[in-house]
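>>> Let's see this in three dimensions:
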Amino acid sequence: MYRSSPTEMKRIDNSGLVCKLSGRAMASHQSLRKTERKGIVKRLEVVLQSCLESADLAESLLAQFSEQAGCSEQQQAEITLAVRESVMNAVLHGNRGQLRKKVFIRAELGRSGLQVSVRDEGRGFDPRTVPDPRRPENLLRESGRGILLMRSLMDQVAIRRAASRGMEVRMVKFLDRHKEEEHKMSLKVTNRQADGVTILDMNGRIVLGEPTALLRDTIQDLLTRGQKKVLVNLAGVSYIDSSGLGALVSGFTTMTNQQGQLKLLNLTKKVQDLLQITKLLTVFDVYEDEIAAIKSFR
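Got it, this is the predicted structure:
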């Protein structure tokens, strides 16, 4: 159901989602991209349920919103990943998956840039007590990198207790006017053999849900078949969130515990930057040349 006026549109569907878009132009019911030429949507307000699918929806909406705002390809990727991490934190740690509690998102395009607020209805926490995932004792943990990624990806991040209840994350990305298009796809994994080494060619996005489950299942299946020399080729991976990093860490520790080896090949700049931010480059053996990587297993 949609309710509209010259300056805003509100959608209410059976899933409990409430979405309101405000600006000088109307957005269509299918996509924010289909806006009138005379203006752009300047404000987005969304109320989401406390389920993991909400992270996908928030990411999709913010991708369209930031694209229309004129963000570059890199800025869109950084904004959507930061919002995804914030929503996952709100669902899992703030509201603890309780469906009666909601996640509130507000995005606004202002003179200083794109401002995003994500609020939950949980008990709240002191962000200063969150362990630093870059410390040696935390490097092999599968989770705990969300806040670090948010602070690294956005220009300003503030975490505070909300005036009503729960925690609120406020983030700002300063914008330029350069804009590119990015093709997004689901994760696809193919494997091949070379001198006793299993090479996993990965294409798409490694994010919470089916992609991370596919990665974990693939590693486990290789171990079941006795294949303990694994080279993960990330040349085709355009996007990794904190759960994706956790899945890589899980694969590494699982393989190591079974006297196997898991190494990384062909990191894109985005992926390498994330591994550097999280200090996971100190954990994984990383190669740019496939032949050299294969020889390293001998």
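>>> show me where the chain has helices.
53-68, 73-89, 146-153, 210-224, 242-257, 269-277, 290-295 (DSSP state H).
>>> which of these is buried the deepest?
Of the helices of the chain, the one with the most neighbours on average (mean count of other Cβ atoms under 10 Å) is helix 73-89, at a mean of 24. Quick note: C-beta positions are derived from backbone N, CA and C, even for glycine.
>>> average pLDDT for it?
Helix 73-89 carries an average pLDDT of 93.
>>> the inter-axis angle of it versus helix 269-277?
50 degrees (axes from the mean of the first three to the mean of the last three Cα atoms, to 10 degrees).
>>> Just the CA trace of helix 73-89, in CSV.
Included here for helix 73-89 are C-alpha records, laid out as CSV according to Å, rounded to 0.1, in the frame of the first residue of the first chain:
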residue,chain,number,x,y,z
GLU,A,73,31.0,3.6,-7.0
GLN,A,74,33.4,3.4,-4.1
GLN,A,75,31.3,5.6,-1.9
GLN,A,76,28.2,3.5,-2.7
ALA,A,77,30.1,0.4,-1.6
GLU,A,78,31.3,2.0,1.6
ILE,A,79,27.9,3.4,2.5
THR,A,80,26.0,0.2,1.9
LEU,A,81,28.5,-1.9,3.8
ALA,A,82,28.5,0.5,6.8
VAL,A,83,24.7,0.5,6.8
ARG,A,84,24.6,-3.3,6.5
GLU,A,85,27.0,-3.8,9.4
SER,A,86,25.0,-1.3,11.5
VAL,A,87,21.7,-3.0,10.8
MET,A,88,23.1,-6.5,11.5
ASN,A,89,24.4,-5.2,14.9
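>>> Which strands and helices lie in contact with that helix?
helix 53-68, strand 102-110, strand 113-119, helix 146-153, strand 167-173, strand 229-240, helix 242-257 (3 or more Cβ pairs under 8 Å, 6 or more residues apart in numbering; DSSP states H and E).
>>> who touches the residue nearest to P131 when sequence neighbours are not counted in this structure?
Take P131 and drop its neighbours on the chain: the residue closest to it by Cβ to Cβ, 6 or more residues apart in numbering is N138, 5.4 Å away. N138 makes contact with 131-132, 144, according to Cβ atoms under 8 Å, 6 or more residues apart in numbering.
>>> now swap in L99 and tell me
Going by Cβ under 8 Å, 6+ apart, L99 touches 49-51.
>>> Q261 is in contact with M255, isn't it?
Yes - at 6.4 Å, Q261 counts as touching M255 under the criterion of Cβ atoms under 8 Å.
>>> who does the closest residue in space to V46 that isn't next to it in sequence bridge with?
Spatial nearest neighbour of V46, chain neighbours left out: I105 (4.4 Å); criterion: Cβ to Cβ, 6+ apart. Residues in a beta bridge with I105, per DSSP bridges, are V46, V118.
>>> and I105, how many neighbours does it have?
I105: 24 surrounding residues under other Cβ atoms under 10 Å.
>>> mind listing what it touches?
Counting by Cβ under 8 Å, 6+ apart, I105 has contacts 44-48, 58, 61-62, 83, 87, 116-119.
>>> Now those residues in TSV, please, with extra columns for distance to M167.
Listed next are the contacts of I105 as TSV, based on distance: Cβ to Cβ, whole Å:
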residue	distance to M167
L44	20
E45	18
V46	17
V47	16
L48	15
A58	16
L61	21
L62	19
V83	15
V87	12
V116	14
S117	11
V118	9
R119	7
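>>> which one among the residues you listed gets closest to S72?
Nearest to S72 out of the contacts of I105 is L62 (Cβ to Cβ; 14.6 Å).
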